Structures are given as C-alpha cells and as structure tokens.
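Enquirer: sequence below, structure please.
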Amino acid sequence: MKRTPEKAPPAFWQHWPANLPIAYLLWLISLGLFVADFFFGRILTVALAELLGLGYWQVGFLDRLSIVIFGLAGALLVIIVEYYYRTGVKKKRLWPRFLTVTAWQVGLILAGMLAAALTGE
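Expert: Alright, predicted model coming up:
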C-alpha cells in the first residue's frame, strides 16, 4: 500500500485571515501609496529630464505630460489592483500579492527620492 505524502503546514502569512475586508484595507493602503507614487514619479520624471539636459520648456512640457500620464495610469492601476487583491483572496494569495504591489510602489518612491537628492530638488 502506497502512502501519500502529508501536506506541510501553511506558512505564517497563510494563517492570517485572507478575507475580503482585509483585501480592501490593503487596497486602501495601496491607494495611499499610489498618491505618493504620483508625486514621486513626477519628481523622478523632471529629474531625469534635467539630467538629460533638456531645456526649460521641454522640462515643463514633460512635467505636465507626466501629470496626465501618471493620473491616468494611477486610475487604471487602482482598478487593476482591487481586482488583483480580490482574486488573491479566492486563491489564498492575498499577502504575496500585496507584498509584490507594495514593493513596486516603494521602489518608485525611493527612486524619486534618490533623483530628488541627486538633482537638489
């Protein structure tokens, strides 16, 4: 008689309640980080334009264009992340998904801070 292997106990993050209210609380945290990403992404765009040696009018144009692009991308990503978290609840993958999204958001914020420090803004 063949013995079937037993499943390993769930990891620590799988013990946390992975239900819909928690997913929406995490989504609100991500929403706040999206607002910070908007401002730091704009700083990063302007800093990179200045490092490339673009003129005053070109930097101004890229600054205003980045407002439109980051605004539209942020609105779209808020909807996508809500769906991503909601389906993560069903698949019991909410916490890894939250950590992935948060890592990208914090990475953009740190890149913006670094660019601001390098350009002196």
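
Enquirer: pull out the buried positions in the helix ranked longest in the chain.
Expert: Taking DSSP state H as the criterion, the chain has its longest helix at helix 56-90. Under the neighbour-count criterion of 16 or more other C-beta atoms under 10 Å, helix 56-90 has 59, 62, 66, 70, 77, 81, 84-85, 88-89 buried. Glycine gets a C-beta too; all of them are placed from N, C-alpha and C.

Enquirer: farthest pair in these?
Expert: The distance between the two most remote of the buried residues of helix 56-90 (C-beta to C-beta) is 43.3 Å, for V59 and V89.

Enquirer: next SSE downstream of the one helix or strand in the chain whose mean pLDDT sits lowest?
Expert: Ranked by mean pLDDT, DSSP states H and E, the helix or strand of the chain with the weakest confidence is helix 12-15, at a mean of 54. Using DSSP states H and E, the helix or strand that follows helix 12-15 in sequence is helix 20-51.

Enquirer: and that following helix, which residues are buried?
Expert: Those buried within helix 20-51 under the rule 16+ other C-beta under 10 Å are 22-23, 26-27, 30, 33-34, 37-38, 40-47, 49-50.

Enquirer: what about W95, how many neighbours?
Expert: W95 has 18 neighbouring residues, counting by other C-beta atoms under 10 Å.

Enquirer: quick one: low-confidence parts of this structure?
Expert: Within the chain, the stretches with pLDDT under 70 are 1-6, 8-18, 121.
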